[in-house]
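Novice: okay, predicted coordinates and the sequence, questions at the end:
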Amino acid sequence: MASIFDAFPKKLTVNYPDKPAIYDNIDVIEEEAALQASIDEYYELTGICTDIYKVSPDTWSGWGNLELYAFDWYVGNFSDERHLVIVISYDTSDAERLSQGERFAAESFAWEAIQGDDTDPIITETMFKKFREYVMDYHYSGESTGETFNAAFQYA
């Protein structure tokens, strides 16, 4: 019976002062308040603190790829294994068009998610696969970045 109980994810015990946050360095997240509310709710339900960073490719080009940049950001800023870091990248020209209210599936759109080891029982491979599908489906249907990630976190 104990092994069945252990198979169900449990809310992580929060032992850090962080709160979920959005850092939009290129000013392209629309519906930021709704996305913030979603990551706050996700935090309350799971104990996983999510930080979302929006950057241009110039920010991470020295790392060779966005995944390495996101990983280095995680390990350089958090000493625990209970965070989810999402780094979203748009080329500067795409970011400018998005900030002016244009809606399109930007070709320069890229994103990476890095999760701490303690989140594995909650953010399983199956769950993250569906999360990724929400992001890509919403993005390529022309939804804004805020709406795209809001839908994925509502699923999560």
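Specialist: Okay, I see it. Residues are numbered from 1 along each chain as shown.
Novice: now the strands for this structure?
Specialist: Applying DSSP state E to the chain gives strands spanning 21-24, 49-55, 83-89, 110-115.
Novice: what's the angle from the third one to strand 110-115?
Specialist: Read that as strand 83-89. For strand 83-89 against strand 110-115, the angle by axes from the mean of the first three to the mean of the last three C-alpha atoms, to 10 degrees is 170 degrees.
Novice: give me the angle between strand 83-89 and strand 49-55.
Specialist: Orientation check (the same axes, to 10 degrees): strand 83-89 against strand 49-55 gives 20 degrees.
Novice: check the offset of strand 83-89 from the chain's centre.
Specialist: Centroid separation for strand 83-89 versus its chain: 4 Å, with C-alpha atoms, centre = their mean, to the nearest Å.
Novice: residues in contact with it: which ones?
Specialist: Residues outside strand 83-89 that contact it (C-beta atoms under 8 Å, 6 or more residues apart in numbering) are 18, 48-57, 59-60, 66, 69-70, 73-74, 77-78, 108-116, 119, 123, 145, 149. Any C-beta I mention is one placed from the backbone N, CA and C, and that applies to glycine too.
Novice: each with direction, which strands does that strand pair with?
Specialist: Using DSSP bridges, the strands paired with strand 83-89 are strand 49-55 (parallel), strand 110-115 (antiparallel).
Novice: among these, which comes closest to Y42?
Specialist: Nearest to Y42 among the strands paired with strand 83-89 is strand 49-55; the distance by C-beta to C-beta comes to 6.2 Å.
Novice: any idea how far the closest one is from the chain center?
Specialist: Taking C-alpha atoms, centre = their mean, one finds strand 49-55 lying 6 Å from the centre of the chain it belongs to.
Novice: export that strand as PDB, just CAs?
Specialist: What follows is strand 49-55, C-alpha atoms only, in PDB (Å, rounded to 0.1, in the frame of the first residue of the first chain):
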ATOM      1  CA  CYS A  49       8.600  28.100  -7.900                       C
ATOM      2  CA  THR A  50       8.500  29.100 -11.600                       C
ATOM      3  CA  ASP A  51      10.600  31.900 -13.100                       C
ATOM      4  CA  ILE A  52      10.100  32.900 -16.700                       C
ATOM      5  CA  TYR A  53      12.700  34.900 -18.500                       C
ATOM      6  CA  LYS A  54      12.300  36.600 -21.900                       C
ATOM      7  CA  VAL A  55      15.600  37.300 -23.700                       C
END
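Novice: what average pLDDT does that strand get?
Specialist: In this model, strand 49-55 has a mean pLDDT of 95.
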